[in-house]
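# predicted coordinates and the sequence they were generated for:
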Amino acid sequence: MTGAAILADYDGTLTPGDAHAALLRHIVRARRWPLLLLLLGAPLIALLWPRCRFAAVWLIWWCATLGARGGDWRRWIKAVAARSPPLFAEAAALLEQEGGRVWIVSASPRALVRRRLHQQWTGGVVARLIGSRMGRRYGAIVPRHYCFGAAKRAALPPHAFALALSDSLSDLPLLALGERAWLINPSARQLAKARRSLPAVAARTWSL
């Protein structure tokens with residue numbers, strides 16, 4: 001590939017799993033007591049989730065990190081990144097060949113994606129890395145900007161992309177930015193649904 005940039009989701013696209021969820025699980029297991037807050041807040045979280053995902057995610061993070069300090073955050077990021085799964089083989093090849101043109105945009109915290117990518121692709125550098133931005137608020141570490149779905153597109157400056165790729169239907173606005181679009185490891189149902197919005201989207205099967 002030559003020419004314009006390549007736009008890629010991270011979780012489930014370049015690597016298996018969900019780094020965002022892995023970090024939250026690690027924090028709750030390490031601290032334990034926030035589980036009580038999450039259980040108490042579960043009815044409100046469930047109510048918010050389909051109506052305002054950002055608010056639900058914000059509340060989950062507030063419960064999980066209440067009272068945490070900067071050193072805790074750095075320790076959690078380091079621990080989760082150390083257990084990173086490898087990149088998909090096809091993703092690794094793409095980054096090796098085209099890494100300087102790849103823009104990664106992820107719903108996971110940017111610091112976590114940066115650290116995991118360093119673990120998975122030693123010495124590699126992408127053109128740009130955009131992720132959810134975290135900050136302190138009301139005594140906890142919470143998203144200041146949750147880079148999910150249409151918010152990913154809003155976080156991008158105007159740019160031309162030769163290719164856009166993701167594993168998620170929530171990223172259809174992202175896929176629409178590419179001259180070509182790849183849906184990674186979709187089910188037949190996901191692919192059919194994606195093609196109702198983007199008829200030219202192509203399926204790609206990637207593995208470790």
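Arrived safely, thanks for sending.
# residues near residue 32, how many?
Per other Cβ atoms under 10 Å, the neighbour tally for residue 32 reads 8. All C-beta atoms are positioned from the backbone trio N, CA, C, and that covers glycine.
# ditto for the one 5 residues further on
Around residue 37 sit 17 other residues, with neighbours defined as other Cβ under 10 Å.
# again with residue 122
Neighbours around residue 122, by other Cβ under 10 Å: 7.
# and it, which of the three is it?
Put simply, residue 122 is coil when judged by DSSP: H, G, I helix; E, B strand; the rest coil.
# swap in residue 133?
Following three-state DSSP, residue 133 is assigned to strand.
# ranges for the helices of the protein?
Using DSSP state H, the helices found in the chain span residues 19-31, 34-48, 53-65, 70-82, 89-98, 110-120, 150-155, 172-175, 188-197.
# dump those helices into a markdown table; add mean pLDDT as well.
Converted to a markdown table, the helices of the chain look like this (pLDDT from 0 to 100):
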| stretch | mean pLDDT |
| --- | --- |
| helix 19-31 | 96 |
| helix 34-48 | 94 |
| helix 53-65 | 96 |
| helix 70-82 | 95 |
| helix 89-98 | 96 |
| helix 110-120 | 96 |
| helix 150-155 | 88 |
| helix 172-175 | 94 |
| helix 188-197 | 96 |
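# need those in a markdown table with distance to residue 141, can you?
A markdown table is the format used below for those (distance: least, Cβ to Cβ, whole Å):
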| stretch | distance to residue 141 |
| --- | --- |
| helix 19-31 | 9 |
| helix 34-48 | 12 |
| helix 53-65 | 4 |
| helix 70-82 | 6 |
| helix 89-98 | 29 |
| helix 110-120 | 11 |
| helix 150-155 | 19 |
| helix 172-175 | 26 |
| helix 188-197 | 33 |
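# nice, that's everything, thank you.
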